[in-house]
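Trainee: 3D model of this:
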Amino acid sequence: MRHTAFDPATGKPTAYAVWEEGAIYSTGKVTNVEGFLQAMNNSDHVYIEDQYFGRNIKTLMGLCKETGKIMACCDFNEIPYTLVSPSTWQSVVSLYGRKPYGISAYKWKKAKAKMLMEKAEEICGSEVEDEDIAAAVIIGFAIGGTGDGTLPKGRTL
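Mentor: Next up is the predicted model:
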């Protein structure tokens, strides 16, 4: 079984991770529809991070456009896809939580990014380029399962 996970972005390339039979097959970043199609080639399922509804409407609109492009590529190739909320995939790997009292928003963002990278490296057993690719790796693992028909510990549908 092969599945692809995307972490859409605006102003920078969208990160993806391809899982095949429970192992990382490839990771990278893409900037256009052709790249989305290549990343999801031969996938049985695609997982896309759904949008966080923050205060910046321009960012939200850009993320929705990118997500729409990925969904259109899936529809065109008849590949089923699932939108995954950030809290869902983060909670599966114990990364979801509120900012602790007494820590600045900046320090909390940096700490979460470090935890994200460490968790992704633990999952795939090698160094991960950046936190966007780390997110794609974890989305594929947390939601897509391990490739052998089982889900990560603690994950139920």
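Trainee: Which residue is the nearest non-sequential neighbour of the residue most central in space within the chain?
Mentor: Most central in the chain under C-alpha atoms, centre = their mean is Ala136, positioned 2.9 Å from the mean C-alpha point. In space, and not counting its chain neighbours, Ala136 is closest to Ala17: 4.0 Å by C-beta to C-beta, 6 or more residues apart in numbering. No exception for glycine: its C-beta is placed from N, CA and C like everyone else's.
Trainee: Packing partners of the least confident helix or strand in the chain by mean pLDDT?
Mentor: Least confident helix or strand of the chain, by mean pLDDT, DSSP states H and E, is helix 86-92 with a mean of 83. With contacts taken as 3 or more C-beta pairs under 8 Å, 6 or more residues apart in numbering; DSSP states H and E, helix 86-92 sits against helix 131-144.
Trainee: returning to that earlier point: run the chain-centre distance for the least confident helix or strand of the chain.
Mentor: A distance of 10 Å separates the C-alpha centroid of helix 86-92 from that of its chain, computed with C-alpha atoms, centre = their mean, to the nearest Å.
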